[in-house]
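Peer 1: What follows is a protein structure lacking sequence information:
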């Protein structure tokens, strides 16, 4: 049952992340295509402005709505997001510009779509999930000492869900043993909890 909870949590999380990415993509693509089609800027600069605007939008939405309660301060998240986003900028911008240069400016929109999908699935989501918005775990002793003296370590949300699932399973096992009136099992399980 624990794995099912973890799978449900992960599906919900990736769904929220993709909704956030969709909003950011509308900003990105709207600016890129609009500035290019209206001949305001060449596709290289229009793409750069779109990617930057989309990245800022995505970070703000993810911080507020998608990856909540990470116990990280805004400065830490901004720095980590900038590192992942820089990679995304290079992959999206560089990939789109390179392929568009090789096959022609007429295919700019199709190329941008294909590159964006690959970068989103293989770079952005994993980087944000495992690095930018990873859960900052502190023990109660470290928490009371304050963040400056804590030797904190990071675990992912999936690890947190896994631990919560294990605790739920242990409690369920305890209740089942108690219902079966098996004093040996219930005592042993009670000690484990």
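Peer 2: Now that the structure is in, tell me what you want to look at. For clarity, every value in this text was computed on a predicted model and none was experimentally measured.

Peer 1: Tell me how many other residues crowd residue 75.
Peer 2: Residues lying near residue 75 (other CB atoms under 10 Å) number 8. All C-beta spots, glycine's among them, are computed from the backbone N, C-alpha and C.

Peer 1: three-state assignment of it?
Peer 2: Using DSSP: H, G, I helix; E, B strand; the rest coil, the structure places residue 75 in helix.

Peer 1: Identify the residues contacting residue 18.
Peer 2: Listed by CB atoms under 8 Å, 6 or more residues apart in numbering, the contact partners of residue 18 are 120, 125.

Peer 1: Now do it, the pLDDT please.
Peer 2: Per-residue confidence for residue 18 comes out at a pLDDT of 86.

Peer 1: distance of it from residue 101?
Peer 2: 29 Å (CB to CB, to the nearest Å).

Peer 1: Likewise for residue 73?
Peer 2: Taking CB to CB, one finds residue 73 at 41 Å from residue 101.

Peer 1: And for residue 76?
Peer 2: For residue 76, the distance to residue 101 (CB to CB) stands at 37 Å.

Peer 1: what does residue 60 give?
Peer 2: Noted for residue 60: a distance of 32 Å to residue 101, by CB to CB.

Peer 1: where do the helices sit along this structure?
Peer 2: For the chain, the helices defined by DSSP state H occupy 2-37, 43-61, 74-89, 95-103, 108-119, 125-127, 140-145, 157-179, 183-192.

Peer 1: With distance to residue 133 added, can I get these in a markdown table?
Peer 2: Formatted as a markdown table, the helices of the chain follow (distance: least, CB to CB, whole Å):
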| stretch | distance to residue 133 |
| --- | --- |
| helix 2-37 | 9 |
| helix 43-61 | 10 |
| helix 74-89 | 7 |
| helix 95-103 | 24 |
| helix 108-119 | 18 |
| helix 125-127 | 10 |
| helix 140-145 | 19 |
| helix 157-179 | 8 |
| helix 183-192 | 32 |
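
Peer 1: Minimum distance to residue 134: which of those helices has it?
Peer 2: Of all the helices of the chain, it is helix 157-179 that lies closest to residue 134, at 7.6 Å by CB to CB.
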